[in-house]
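# Sequence and predicted structure, then a few things I'm wondering about:
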Amino acid sequence: MSVNMSVNRVAILTQRDTPETPEGLGAAGKQFWAEAYAQPWVTSSNRTMVLLIARKLDERETIAAQYYQTPADQWRQQRTLKDIDRDIVAGLDQLLLTPNSRRRAGIETADADKDVLSPLELLMARKHRDITPEEYERQKNLGNSAGV
């Protein structure tokens, strides 16, 4: 008995322009805005989540810059920063901006420093059994995502 374990995927075409940076964002928020939209999978449909994370980063910068004299106030500040960090990490995870979240979603990014085999090189390596079938599939997917 053979079980077909194929994955159904749905592709949604979106507009690939970067939304204008909202006013009121600080330096950390603006930097995140630009870096988030530099990723091919982050589109204008993610605007709300990108904005929330950008604002959290600005809030973190503001709170971290403050100085509190009493130990109780310093503890509250550290607790608040940890809560903000947790919110930021959760948002990054939702936008697939962490290595683990990309891995779970099946997104494999190619390192520009590492060689990606051309389709011909890949077929020759497979023919001569220089690579395993698993490595062949992985390289083939890397080549497709790199536009080779």
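Sure thing, it's come through.

# Report the secondary structure state of the most centrally placed residue in the chain.
By CA atoms, centre = their mean, the chain has its centre lying nearest to Leu97, at 1.9 Å. Leu97 carries the three-state label coil when classified by DSSP: H, G, I helix; E, B strand; the rest coil.

# Run a quick check on it versus Gln39, I expect a contact.
Yes. With contact defined as CB atoms under 8 Å, Leu97 counts as touching Gln39 (6.8 Å). Every residue, glycine included, has its C-beta placed from N, CA and C.

# And the longest helix anywhere in the chain, what does it pack against?
Selection of the longest helix in the chain by residue count, based on DSSP state H, yields helix 71-94. Helices and strands touching helix 71-94, by 3 or more CB pairs under 8 Å, 6 or more residues apart in numbering; DSSP states H and E, are helix 47-65, helix 99-105.

# can you list the ones you listed in TSV and add mean neighbour count, mean pLDDT and distance to Glu35?
Compiled in TSV, the helices and strands packed on helix 71-94 are given as follows (neighbours: other CB atoms under 10 Å; pLDDT from 0 to 100; distance: least, CB to CB, whole Å):
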stretch	mean neighbour count	mean pLDDT	distance to Glu35
helix 47-65	17	96	10
helix 99-105	12	89	15
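
# and of those, who's closest to Asp87?
In terms of CB to CB, the element of these nearest to Asp87 is helix 47-65, at 5.4 Å.

# quick one: that closest one to chain centroid distance?
Remark: helix 47-65 is offset 17 Å from the chain centroid, using CA atoms, centre = their mean, to the nearest Å.

# Nice, that's everything, thank you.
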